[in-house]
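Q: 3D, please:
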Amino acid sequence: MPMNDTGGLPWLCHYYSTNNLQSYAIASYESMNYNWIGDNNSHGEPQGAHVFKSGISRTQPGFVMAKNAVDLFDHSYASFRQAQYLMLAEAGSSGFAGAIFLWSPAGWILAGGGMAVLAGVTINNFNTAKKDMQKAYTYITQI
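A: Below is the predicted model of the structure:
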């Protein structure tokens, strides 16, 4: 049975094994922005240049650093999404879920209280994920 190894988010920053863990493909955009309303809202959207490398050996210099950076990005992006879900749950329990302006950090901060605190956590986690993605992009370009 072939073995697989994957990580990251395919639309932003990711890797996958292409030959039973003997070679990899790895890719990332330079950065991401946040689309609060519209298509693909509530997710990071690719921004800037894109790098893609394939046929990369696990022993190739720089690969481990790049792969670890993608895994770090994946973890920090998951933390951002978790904070966002908590924020939306708080908005719903506070009766603000229907107010479209509250579906953004500015609206969450204006609502005050727990929503403002969770907005700060969400924004911080997004910024951390963005920095981790930029590190992954840098490492991948150096392979």
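Q: host element of residue 49?
A: strand 43-57 (DSSP states H and E).
Q: Report the rounded mean pLDDT for the top helix by length along the chain.
A: Longest helix in the chain, counting residues (DSSP state H): helix 63-93. Averaged across helix 63-93, the pLDDT comes to 90.
Q: counting contacts, what elements does that helix pack onto?
A: Counting by 3 or more Cβ pairs under 8 Å, 6 or more residues apart in numbering; DSSP states H and E, the packing neighbours recorded for helix 63-93 are strand 6-9, strand 13-17, strand 23-35, strand 43-57, helix 105-111, helix 113-141. Yep, even glycine has a C-beta here, placed from its N, CA and C like the rest.
Q: residues touching residue 140, list them.
A: 26, 27, 28, 51, 53, 66, 69 (Cβ atoms under 8 Å, 6 or more residues apart in numbering).
Q: So what pairs up with the fifth one in the strands?
A: In other words, residue 53. residue 26 (DSSP bridges).
Q: Surely it is in contact with residue 25?
A: Yes - under the criterion of Cβ atoms under 8 Å, residue 53 makes contact with residue 25 at 7.0 Å.
Q: name the helices or strands packed onto the strand holding residue 49?
A: Packing partners of strand 43-57 (3+ Cβ pairs under 8 Å, 6+ apart): strand 23-35, helix 63-93, helix 113-141.
Q: Try it again at 6 Å.
A: Under the contact definition 3 or more Cβ pairs under 6 Å, 6 or more residues apart in numbering; DSSP states H and E, strand 43-57 sits against strand 23-35.
Q: what sits up against the strand it packs on?
A: Strand 23-35 is contacted by residues 12-13, 15-18, 41, 44-57, 66, 130, 133-134, 136-137, 140 when judged by Cβ atoms under 6 Å, 6 or more residues apart in numbering.
Q: Just give me the residue right at the centre of the protein.
A: The chain has residue 77 as the residue nearest its centroid, 3.7 Å off, counting by Cα atoms, centre = their mean.
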